[in-house]
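[1] Compute the structure for the input listed below.
(3 chains)
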Amino acid sequence: MIETGTLLLMGLFAVLVIHSNLLRLSIIYLAIFSLLSSFLYLIYAAPELAIAEAVIGSGLVTLLYLAALKRNRVYTVAVVSDEHRDHLTDHYLNHVERSKALTEIRDFFVRREYEVQTVFVSETLEEALQDPAYDLVVAEDEEGFATYTDDESYVMLELELMFQMHGTDSALRFIRYSPEAVL
Amino acid sequence: MRVVASVLFVLAVFLLVTGITASNRVELDPLMYDYIVRNFEEDTHAKNAVASILLNYRMYDTMFEALILLAAIIGMNQFLPRESDMRRHESRKQQMEESDE
Amino acid sequence: MSDVSRDVAYGEESIILKTMVGLLYPFIMLFGFSVILNGHYTPGGGFQGGAVLASLFVARFVVYPVEDTDSERLHAVQRLFLALIVLAPAALLFTGVVARYEALRSTYLTLMDILIGVQVGLGLGVAVLRFAFFHGVGQTWHL
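    Numbering: from 1, shown residues only, chains lettered A, B, ... in the order given. Take a look at the predicted model:
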């Protein structure tokens, strides 16, 4: 009876793993699935296997999946410039690439093991803000670099908090926007 | 539709597994089964048939299982960033700052 | 910038976690070795005991996030044990020594269990350290 119930629950969680919308939720369901299977080993009188299954299935594998899920995203930093839109010169590219602001942003992502790529786009600022492909839009004006971040992204919030708490060498300003409001 | 299909699939697998468990005495290959159950204690001096199969009768399986773990870790070592990569990143940053000045 | 994330990460230390893991640590180790050494009496064995040993690395790193674990050296030891795992059956089992001498049989089982247990423990430990905890808890731990 208990065995049948556990098997059916495992089936239920297997279906939930496949059909949940959030990957993170799937990982938690997978951990519960492993826990149920370790309970099943306990019923079959193999306590060592049950412990090993609990350690591997619910502990190590869940950890590895969460870490893998966290870093599989590529963040795109879009650089917008009004005057250099149609003619990108080497001088301008070097100036932006080696600027303290971009180096610090890239440093933030690299230290967290995120993939980060910088693209120079030919769109205007408004168009770039509406484009969902860009996570971060950087524009240069008289006072230095301004960074436009989506106000719902936790990573961008973290980035902003880092610079607020510990200061920044470059005069980097953060402007938060919500994509709906821009539209 | 997909949900219904996968629920049906899980139920079918469940019924199959429980059906096999209910009728497994007849279906297993009797020769191998009988030999191992009768002789594993003298052959390997193990008290547990699973250990005797893993470490004696089917040793190649265990060896290549260990090899798979090694291959996985070699892959991780090759493709993940290391401490030295981070140091290279730092030194490149410093070079860029110096050349700016 | 280099100190930024470290300050944030290492500030979050839980005294409950530290105390409990510190209390359980020797028992986890004992349990792992007992599973390995009783491999041919119980359903467990080298792989199961090794997995329990691997959780020691994780527990230690969660409590004391010091990056002094040299994963390269652990990997080298693991490769050595893998070579032994290939060599020991080649020398003892496949040549028929175990089949001929009765006294060697349970010794061989225990030896293989220890070799596989250490290899799996080091392997899974290195994998988790390399993959999940690379470069400090704070860098990757805010999951």
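[2] Only C-alpha atoms from now on, for both contacts and neighbour counts.
    Noted.
[3] Enumerate every residue touching A:Leu36.
    With contacts taken as CA atoms under 8 Å, 6 or more residues apart in numbering or on different chains, A:Leu36 has the following neighbours: A:6, A:9-10.
[4] Wondering if the helix ranked longest in chain C reaches chain B at all.
    If you go by DSSP state H, chain C has its longest helix at helix C:104-131. Yes: on the criterion CA under 8 Å from any CA of the partner chain, helix C:104-131 is in touch with chain B at C:105-106, C:109, C:112, C:116, C:119-120, C:123, C:126-127, C:130-131.
[5] Quick one: residues contacting the spatially most central residue of chain C.
    Central residue of chain C (CA atoms, centre = their mean): C:Gly121, 2.4 Å from the mean position. Taking CA under 8 Å, 6+ apart as the criterion, C:Gly121 is in contact with C:47, C:49-54.
[6] Recalculate using a threshold of 7 Å.
    C:50-51, C:53-54 (CA atoms under 7 Å, 6 or more residues apart in numbering or on different chains).
[7] ok, which of those residues also contact chain A?
    C:Ala51 (CA under 7 Å from any CA of the partner chain).
[8] From the contacts of C:Gly121, pick the one nearest A:Ala68.
    Closest approach between the contacts of C:Gly121 and A:Ala68, by CA to CA: C:Ala54, at 19.0 Å.
[9] before we move on, back to that, most neighbours among the residues of helix C:104-131 next to chain B, which one is it?
    Counting neighbours by other CA atoms under 10 Å in any protein chain shown, the top entry in the residues of helix C:104-131 next to chain B is C:Gln119, with 30 neighbours.
[10] C:Val77 is in contact with that one, correct?
    No: C:Gln119 is beyond contact range of C:Val77, at 8.2 Å (criterion: CA atoms under 7 Å).
[11] List the residues that contact the residue of chain B at minimum distance from chain A.
    Residue of chain B nearest chain A, by CA to the nearest CA: B:Val10 (5.9 Å). Counting by CA under 7 Å, 6+ apart, B:Val10 makes contact with A:Gly11.
[12] Surely it is in a helix?
    Yes: counting by DSSP: H, G, I helix; E, B strand; the rest coil, B:Val10 is found in a helix.
[13] so which strand or helix has residue 52?
    Reading this off chain A. A:Ala52 is part of helix A:47-53, with elements assigned from DSSP states H and E.
[14] Chain B is the one I meant
    Here B:Ser52 is assigned to helix B:49-52, by DSSP H and E.
[15] what about that helix, near chain A?
    No: judged by CA under 7 Å from any CA, helix B:49-52 stays clear of chain A, getting no closer than 11.3 Å.
[16] following that helix, which helix or strand shows up next?
    Following helix B:49-52 toward the C-terminus (DSSP H and E): helix B:59-79.
[17] how many neighbours does A:Glu83 have?
    With other CA under 10 Å as criterion, A:Glu83 counts 8.
[18] how close does A:Val137 sit to A:Ala101?
    12 Å (CA to CA, to the nearest Å).
[19] ugh, typo on my part, it should be A:Arg73
    Relative to A:Ala101, A:Arg73 is positioned 22 Å away (CA to CA).
[20] Also C:Ala51?
    From C:Ala51 to A:Ala101 the distance is 45 Å (CA to CA).
[21] Neighbour count for the two, which is higher?
    C:Ala51 (27 against 22).
[22] Could you check which residue of chain A lies nearest chain B?
    A:Gly11 (5.9 Å).
[23] hang on, that residue is in a helix, isn't it?
    Yes: membership of A:Gly11 in a helix is supported by three-state DSSP.
[24] And the pLDDT for it?
    Per-residue pLDDT puts A:Gly11 at 88.
[25] With A:Glu140 instead?
    Taking A:Glu140 on its own, its pLDDT is 80.
[26] For chain C, see how far away it is.
    22 Å (CA to the nearest CA, to the nearest Å).
[27] Assign a three-state SS to that residue, would you?
    strand.
[28] count of neighbours near it?
    15.
[29] quick one: contacts for it?
    A:81, A:146.
[30] before we move on, the earlier item: burial check on the residue of chain A closest to chain B, number of neighbours?
    A:Gly11 has 20 nearby residues by other CA under 10 Å.
[31] same question, the one 10 residues further on
    Burial of A:Asn21, expressed as a neighbour count using other CA under 10 Å, amounts to 10.
[32] which strands and helices sit next to the host helix or strand of A:Val110?
    Assigned by DSSP H and E, A:Val110 belongs to helix A:100-111. Under the contact criterion of 3 or more CA pairs under 7 Å, 6 or more residues apart in numbering or on different chains; DSSP states H and E, helix A:100-111 touches strand A:115-120.
[33] List the buried residues for the strand it packs on?
    A:116, A:118, A:120 (16 or more other CA atoms under 10 Å in any protein chain shown).
[34] Pull up the gap between the closest residue in space to the first one that isn't next to it in sequence and A:Ala146, please.
    Excluding the flanking residues, the one nearest A:Val116 by CA to CA, 6 or more residues apart in numbering or on different chains is A:Tyr75, at 4.8 Å. Separation of A:Tyr75 from A:Ala146 (CA to CA) stands at 18 Å.
[35] what do you get for B:Gly19?
    66 Å.
[36] neighbour-wise, which of these two wins?
    Taking neighbours as other CA under 10 Å, B:Gly19 and A:Ala146 compare with A:Ala146 leading, 18 against 11.
[37] Kindly state the beta-bridge partners for that one.
    A:Ala139, A:Arg173 (DSSP bridges).
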